[in-house]
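Trainee: Let's see this in three dimensions:
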Amino acid sequence: MLAVSYLSVESFLADELATTLRKCAEMSNESTGSDSSFELASYWLEQCLSYHADCPKPSVTDTFIPSRVIDVGGLNESREPYLIDTRDQHIPEKEQRYVALSHCWGTAQIITTKLSTLSDRHSGIPMATLPQTFQDAVIVTRRLALRYLWIDSLCIIQDSSEDWENESVQMCNIYRNAFFTIAAAHASSSSVGCFAQRDGILHLPFELSFPSLAGSEGDAIKAVFTPLPRKQVLDNSEPPLYGRAWVLQEQILSPRMLIYDGDQLRWECLSVHGSERSPLGGISRHIGASKAIRSGITDNREDFFTLTQFNEEFPPRYQHQDWCYAVMDYTHRGMTNQTDRLIAISGIAEAIQRRTKNVYLAGLWKDQLALGLLWNIPFEREFTPTTMFAFNIPPSTRHSRAIAPSWSWVSVTVPVVFPVPSIGSIFLRPVCEIMRVQVEGIPSCQTGTITVRGHVRQAYIKSIYPTVIRQASSTCPDYVYEQGKGVRYHAQNFHPNDFFLASLKRPQKVSQFQPVPGTWRPDELLQTDEPLTFIAIAQRPRENTKGPVGDEYENEVFALGLLPTRKADNEYRRVGYAVWADCSWYGYDCGEYSNSKPQGLASGLRNNTEIAMKKVRSWIHNEEPGVNRLLPYKRGHIRSPLLVCGEGEHKHSMRCGPLPDNGAYHKSVEVNKDCLTLSGSA
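Mentor: Okay, here's the model as predicted:
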């Protein structure tokens, strides 16, 4: 049934599309695998190849075809599909066109190619042995007049680590060079299939003619109406495919995607995102950073990290921020094997690497290395993923066998965030020098070191843990942050985004830790009896010279928390991320203390008022039986004995870079200028 219809912004349809839709209306349309759906899919494909200037076209000279593909034969051929090795079988260049499949494997065992079955796959793969999604993909390939199909489980030898390593690094080429990619978006497993039954007439737009306005002459006014079923209005959830980490690079790298999204067929390329209901417009999941990366790896710009319409300093930061958003999206998706965390995004990295002189280093980019180090594990949701709740919390935040250096976000197994949008602005300045960086290894597992020169200081920290660090729930449950409950300190409550607990001397008891404005976000479970070494990485400077730091102007130093590896002098591993707010890094407290400012609006959440207010409301309404009601506190109630009041005394107009301003420190702060090596193991 139709829940609502609305008038499209187009006053008429192009003749070719109108003709196509009329054909569709006359064809069988009982499923997304019907003649009508294939007619529209052919239209989209032809339009993209013929008229979309911004969409990459298949090359006729520099062709690529994967090492293995499935030969599905022609539309009317009776032979079963079979696997071919393109390295042994000559395929003319003009025929080296193939379709790729993007799908969820699911939990059940599916058909694969193994060393023991490789020869059988070359002989034939009976359709009856294929799961429904694979069968439907074969049909799509045939119906759209192509012969070759690439499916990961069949075209990569699953029990050969050598073959998997060789083929997994080809993902960039495989998806970028596919004629188009079939996305089984709604299918949570390969047994579900691509095609869905539906009443197709309710999914096509229709055109009505209205008489011209009274008293006027001319042709009748034509308007296009688009049906919108009740299910789409009530259920706004994303399909399962988009909750998988591996699929992000398939989405970004594929030049064209034919998407089977429940009872609706969709199309996405760089120029058009359409559906059966709205063939030339609709909801696109390739927006923001994903679309920017897709454009950056396909357009004619000289370098991915340049934008000709902006000055020289801004574009690299802005483009790097798109990468950070992609990493956040990626790490918030589900992944069956966390050891794939490095390799499953390597296709995107390789596509960017081909378009830049910048160097990719185990998840980070060399020219933006200082800012790339600022990833962290948040206490609350600070990023809205493509598909909610797709990520399952693993037992440990670190890999059982290290696959990346401790300074890389790849070294942890949980979702990460970056300080966006600050990281993309020119106001967040590096205050360290990267002296040397070295990374080595294979695409799925790398080690490396960074030598950083910067200002270093030490402190003992009483860590507050996010719930994703599951080990903390059993070892120190009182110091695991639960959303809406805050952290108790001396009969007061604070949010770990606004303060962290520190001591400059070895504490004998927990009460000797004192609050410091800012946040400390550990990467793993830590002991409190060993001091952490902090090195300043970047700073967001305050603009005025004296006075309190307010919401509009801030002085925050972004630092990494380190522990010695004890393998070599001055060699450390990263164990967390800190923001020292309100000049606390320099030994001052220049915060603005208002008797009316609630907890949720303190420095840690200044850039997200909505989240802050939700937090305050959740605290006010927290009246569970047996639990003390936690009202929002006034920040003025917490003054840190570790800091000196900077009001009227501390100058904030500090130079930034290459190192912090020595004159900005209070005389009591013990800070050193040092070169530290961040190690390659976590």
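Trainee: where's the most centrally placed residue in the chain, which helix or strand?
Mentor: The residue lying closest to the centre of the chain (CA atoms, centre = their mean) is Asp329, at 1.8 Å. Following DSSP states H and E, one finds Asp329 within helix 314-331.
Trainee: One more: Asn173?
Mentor: Asn173 belongs to helix 171-176 when assigned by DSSP H and E.
Trainee: What are the contacting residues of the next helix-or-strand element following that helix?
Mentor: For helix 171-176, the following helix or strand on the C-terminal side (DSSP H and E) is strand 180-184. For strand 180-184, the external contacting residues (CB atoms under 8 Å, 6 or more residues apart in numbering) are 45, 99-104, 133, 136-137, 140-141, 144, 175, 190, 192-194, 241, 250-251, 254-261. Just so you know, the C-beta spots here come from the backbone N, C-alpha and C atoms, and that holds for glycine as well.
Trainee: 6 Å - rerun?
Mentor: Contacts to strand 180-184, defined as CB atoms under 6 Å, 6 or more residues apart in numbering, come from residues 100-103, 133, 137, 140, 194, 254, 256-260.
Trainee: before we move on, the earlier item: what mean pLDDT does the helix holding Asn173 get?
Mentor: For helix 171-176, mean pLDDT is 96.
Trainee: again, but for stretch 47-67
Mentor: 89.
Trainee: my guess is Pro430 meets Ala370, correct?
Mentor: Yes: with contact defined as CB atoms under 6 Å, Pro430 reaches Ala370; the gap is 4.0 Å.
Trainee: what residue ranges in the stretch 151-300 of the chain are flagged as low confidence?
Mentor: In the predicted model, the stretch 151-300 of the chain carries pLDDT under 70 at residues 207, 212-219, 222-224, 227-236, 282-287.
Trainee: so where do the helices sit in it?
Mentor: Ranges of helices in the stretch 151-300 of the chain, per DSSP state H, counting those that start in this stretch, are 152-155, 161-168, 171-176, 230-234, 245-253, 288-296.
Trainee: Flag every buried residue along the second one.
Mentor: Neighbour-count burial for helix 161-168 flags Asp163, Trp164, Glu167, Ser168 (criterion: 16 or more other CB atoms under 10 Å).
Trainee: Distance from that helix to the middle of the chain?
Mentor: Between the centre of helix 161-168 and the centre of its host chain there is 25 Å, according to CA atoms, centre = their mean, to the nearest Å.
Trainee: Export only the CA atoms of it, formatted as PDB.
Mentor: Extracted in PDB, the C-alpha atoms of helix 161-168 (Å, rounded to 0.1, in the frame of the first residue of the first chain):
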ATOM      1  CA  SER A 161      47.400 -18.400   3.100                       C
ATOM      2  CA  GLU A 162      49.700 -17.600   0.100                       C
ATOM      3  CA  ASP A 163      46.800 -17.300  -2.300                       C
ATOM      4  CA  TRP A 164      44.700 -15.200   0.200                       C
ATOM      5  CA  GLU A 165      47.600 -12.900   0.800                       C
ATOM      6  CA  ASN A 166      48.200 -12.400  -3.000                       C
ATOM      7  CA  GLU A 167      44.500 -11.900  -3.900                       C
ATOM      8  CA  SER A 168      43.400  -9.800  -0.900                       C
END
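Trainee: any idea of the angle that helix forms with helix 245-253?
Mentor: 30 degrees (axes from the mean of the first three to the mean of the last three CA atoms, to 10 degrees).
Trainee: Show me what helix 161-168 is packed against.
Mentor: Helices and strands touching helix 161-168, by 3 or more CB pairs under 6 Å, 6 or more residues apart in numbering; DSSP states H and E: there are none.
Trainee: which outside residues touch it?
Mentor: Ile156, Ile157, Ile343.
Trainee: now swap in the shortest one and tell me
Mentor: Residues from elsewhere that reach helix 152-155, judged by CB under 6 Å, 6+ apart: Arg68, Ile110, Thr112, Thr113.
Trainee: Between those, which sits nearest Lys462?
Mentor: Using CB to CB, Ile110 comes nearest to Lys462 of the contacts of helix 152-155, at 48.1 Å.
Trainee: Skipping adjacent residues, who's closest to that closest one in space?
Mentor: Ser190 (4.9 Å; CB to CB, 6 or more residues apart in numbering).
Trainee: what angle sits between the longest strand that the chain contains and helix 161-168?
Mentor: With residue count as the measure and DSSP state E as the assignment, the chain has strand 445-462 as its longest strand. With the same axes, to 10 degrees defining the directions, strand 445-462 sits at 80 degrees from helix 161-168.
Trainee: ok, Gln353 - contacts?
Mentor: Contacts of Gln353 by CB under 6 Å, 6+ apart are Tyr360.
Trainee: would you put the C-alpha positions of stretch 241-261 in PDB?
Mentor: Provided in PDB are the C-alpha atoms of stretch 241-261 (Å, rounded to 0.1, in the frame of the first residue of the first chain):
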ATOM      1  CA  LEU A 241      25.600  -5.400   4.200                       C
ATOM      2  CA  TYR A 242      26.500  -1.800   5.100                       C
ATOM      3  CA  GLY A 243      27.400  -2.900   8.700                       C
ATOM      4  CA  ARG A 244      30.300  -5.000   7.500                       C
ATOM      5  CA  ALA A 245      33.800  -3.500   7.600                       C
ATOM      6  CA  TRP A 246      35.100  -5.300   4.400                       C
ATOM      7  CA  VAL A 247      32.300  -3.700   2.400                       C
ATOM      8  CA  LEU A 248      33.400  -0.100   3.000                       C
ATOM      9  CA  GLN A 249      36.100  -0.400   0.400                       C
ATOM     10  CA  GLU A 250      33.800  -2.300  -2.000                       C
ATOM     11  CA  GLN A 251      31.400   0.700  -1.700                       C
ATOM     12  CA  ILE A 252      34.000   3.300  -2.200                       C
ATOM     13  CA  LEU A 253      36.100   1.600  -4.900                       C
ATOM     14  CA  SER A 254      33.200   0.300  -7.100                       C
ATOM     15  CA  PRO A 255      32.500   2.800 -10.000                       C
ATOM     16  CA  ARG A 256      29.000   1.500 -10.300                       C
ATOM     17  CA  MET A 257      26.800  -0.400  -7.900                       C
ATOM     18  CA  LEU A 258      23.500  -2.200  -8.600                       C
ATOM     19  CA  ILE A 259      22.000  -2.600  -5.200                       C
ATOM     20  CA  TYR A 260      19.400  -5.100  -4.200                       C
ATOM     21  CA  ASP A 261      17.900  -3.400  -1.100                       C
END
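Trainee: residue boundaries of the strands in the stretch 501-650 of the chain?
Mentor: Shown for the stretch 501-650 of the chain, the strands assigned by DSSP state E, counting those that start in this stretch span residues 514-522, 532-540, 556-564, 571-580, 588-589, 644-645.
Trainee: Could you break the protein into its assigned domains?
Mentor: According to automatic domain parsing, the chain comprises the domains 7-286, 314-678.
Trainee: Lowest average confidence across those, which one?
Mentor: domain 314-678 (a mean of 83).
Trainee: Arg87 - how many residues pack around it?
Mentor: Counted with other CB atoms under 10 Å, residues neighbouring Arg87 total 10.
Trainee: actually Ala220, sorry about that
Mentor: Neighbours of Ala220 using other CB under 10 Å come to 10.
Trainee: do you know how far it is from Leu208?
Mentor: 9 Å (CB to CB, to the nearest Å).
Trainee: Could you do Thr519 as well?
Mentor: 57 Å.
Trainee: Looking at the two, which is more packed in?
Mentor: Thr519 (24 against 11).
Trainee: Hmm, Glu524 is touching Thr397, no?
Mentor: Yes: using CB under 6 Å, Glu524 is in contact with Thr397, at 5.3 Å.
Trainee: Double-check that Ser119 belongs to a strand.
Mentor: No: Ser119 sits outside any strand when classified using DSSP: H, G, I helix; E, B strand; the rest coil, being helix.
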